[in-house]
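Participant: okay, predicted coordinates and the sequence, questions at the end:
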Amino acid sequence: MTAYSRLMDGVYLLCMLIAAVALLIMVTVIPIGIFARYVMNGALAWPEPVAIICMIIFTFIGAPVGLRAGTHICVSMVTDRLSPNMQRLMLRVCDLLMIITCLVIFQASYNLCEAMWIQPLASLPLVTYGEMYLPIPIGAIFTLLFVVERLLNGDQSQRPIVTLGGTH
């Protein structure tokens, strides 16, 4: 195992932890908002934006975890019928397309964050829209790092640290 893979193990666990905490917060604040609105007859302004922020974090920081673990959606109906050499070639092509996709997402989301950095959310004024969208470029960078790892060191989905979550 290379030093880069060990570093990516740490990034992988960090992403998993951040996504799990975001999901936990999201599933906690949604019932609070529902309870306040329908039982206490007093809607709170903060649960919805907090849940949206947590969903953005969960989605864009959790997606690299799924990519590295090989649990992302994959339609392999065509590639399963190819020869092993062609399958490896198609995997490389997909990895190169993923690098391009990550770079495009990073650039677009970075521009979005920069443009919206000082505009606060109306119902949560301590947070700006730029800060709310910040997990998108961060997630693109993490995904890019995992794709580069796969190009350099091969598939990591069967390693013990990656199967930690028991998804295989």
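Facilitator: Happy to help now that I have it.
Participant: so what's G42 closest to, chain neighbours aside?
Facilitator: Nearest residue to G42, sequence neighbours excluded (CB to CB, 6 or more residues apart in numbering): A36, at 5.7 Å. C-betas here are computed from N, CA, C, even on glycine.
Participant: tell me, how many residues neighbour the one you found?
Facilitator: Neighbour count of A36, defined by other CB atoms under 10 Å: 15.
Participant: tell me which residues touch it, please.
Facilitator: By CB atoms under 8 Å, 6 or more residues apart in numbering, A36 lies in contact with 42-44, 47.
Participant: just these: which are in helices?
Facilitator: Using DSSP state H, the subset of the contacts of A36 located in helices is P47.
Participant: helices of this structure, start to end?
Facilitator: Taking DSSP H as the test, the helices found in the chain are 3-38, 47-69, 84-116, 129-132, 135-153.
Participant: how far does the third one sit from its chain's centre?
Facilitator: Okay, so that is helix 84-116. Centroid displacement of helix 84-116 relative to its chain, using CA atoms, centre = their mean, to the nearest Å, is 14 Å.
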